[in-house]
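1. Fold the stuff below for me.
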Amino acid sequence: MTLPLCVIGAGSIGQRHIEVAGLSDHVRLTAVVEPNAGLRDQLAQTGLPMVAALDDVPADTRAAIIATPTQDHALSGAACIARGWATLVEKPTAGTLDAARALVTQADTAGVPLFTGHHRRCHPFSIAAREALAQIGDLVGVQGLWSLRKHTTYYDADWRRAPGAGPLLTNLTHEIDLMRFLVGEMLEASALLSSAQRRFVIEDTASIAFRFANGALGSFLISDAGASPWSFEAASHENPAIAGSDQDYLRFVGSDGALAFPSLTRWGRSGPGEIEWSKPLTKLPGQSFPRIDPLLAQIDRFAAVVNGAADDVLCTGADGIKAMEMTLAAALSGHRGHPVKAGDVPGNYTGV
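-> Residues are numbered from 1 along each chain as shown. Predicted coordinates for the structure are as follows:
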């Protein structure tokens, strides 16, 4: 059954959702809500069903994707849920944990599906990684490195140099959700921050240590000042604006071997007996997958769930809160200089 769906917000990410809605065989775009008259008129000339407000959305609409600025997520999300629309809201779920929790509670009470747009889960290699991780024994740790040097003019806009705009809050949340998807719950974060390269008030580099509920430890270096081939975007070729490298950027270590991501190259047992450091590990190449548009895969999964299918890949509203909470825990740790547990993040904390 084709799902009648609207997109709220026609900025850059909203236009990506509009694009994949047009490509999907499983949804029908009923309206695009955009309050900016100039942008609305411009897009209407391309044939899109533009409207100014939610009240103008056709009555047969059953679902919504919210791609507005973060501060609007809770307001638009509440309005969609009140209308009974299944809702997928771009990350983060809301501007604060309190607002995000209220939105999830409202959706649960109303029996309305609510998801957060962490689309990296939808790549076939991300889904396959969970099965591959089961083959390396008990997880000991994970190491990640995301470093992409953003061009200098990227920072010409004042807001990109303002508190909250550094890679910690802008980019790390993607990595935290993916690590939670692959490894499980995170309990604690400890972060060091540096602005030594760009010398802005915001960080350009952060080093974070994590503790997982299963006993594994993690470390992650993230920077928008260091040039490297290591990042999710470069490894996956997901974003055409970022040069691809085909280089793995996550490494998982287990009691029986190791796994590199996203290639899923695995190192494991080479012979009988105990696996220990005097014996070489056997290198096993990972399965290759066709490149997909993860936003298209996400919207197709979303439509299937709204029409009654089960799904264990999409990021639920509750999962979105947990990714948001650990991102804020890392930010709080960096500012306070000590480890922060997930439950210790204030509900009104914005990361600055």
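2. use CA for all of it now, contacts and neighbours both
-> OK.
3. List the contacts of residue 236.
-> Taking CA atoms under 8 Å, 6 or more residues apart in numbering as the criterion, residue 236 is in contact with 244, 246, 262.
4. And it, its phi and psi?
-> Residue 236 adopts backbone torsions of phi -100, psi -10, taken as degrees, to the nearest 10.
5. got a markdown table for the contacts of residue 236, with distance to residue 319, neighbour count and secondary structure too?
-> Putting the contacts of residue 236 into a markdown table (distance: CA to CA, whole Å; neighbours: other CA atoms under 10 Å; DSSP: H, G, I helix; E, B strand; the rest coil) gives the following:
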| residue | distance to residue 319 | neighbour count | secondary structure |
| --- | --- | --- | --- |
| 244 | 29 | 18 | coil |
| 246 | 28 | 17 | coil |
| 262 | 22 | 23 | coil |
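6. in the stretch 251-352 of the chain, which spans are helices?
-> Using DSSP state H, counting those that start in this stretch, the helices of the stretch 251-352 of the chain run over 294-306, 317-336.
7. so how far is the first one off the chain centroid?
-> Spelled out, that is helix 294-306. Helix 294-306 sits 15 Å away from the centroid of its parent chain (CA atoms, centre = their mean, to the nearest Å).
8. Pull out the buried positions in stretch 239-249.
-> Going by neighbour count (16 or more other CA atoms under 10 Å), the buried part of stretch 239-249 is 244, 245, 246, 247, 248, 249.
9. In three-state terms, label residue 206 for me.
-> Using DSSP: H, G, I helix; E, B strand; the rest coil, the three-state assignment for residue 206 comes out as strand.
10. What residues are bridge-paired with it?
-> For residue 206, the residues forming beta bridges with it (DSSP bridges) are residue 193, residue 222.
11. pretty sure residue 287 is in contact with residue 266, am I right?
-> No: proximity of residue 287 to residue 266 does not meet the contact threshold set by CA atoms under 8 Å, at 10.2 Å.
12. So for those two, which sits in the more crowded spot?
-> Under the criterion of other CA atoms under 10 Å, the comparison of residue 287 against residue 266 puts residue 266 first, with 23 against 10.
13. was I right about the more buried one contacting residue 260?
-> Yes: here residue 266 lies in contact with residue 260, judged by CA under 8 Å, at a distance of 6.5 Å.
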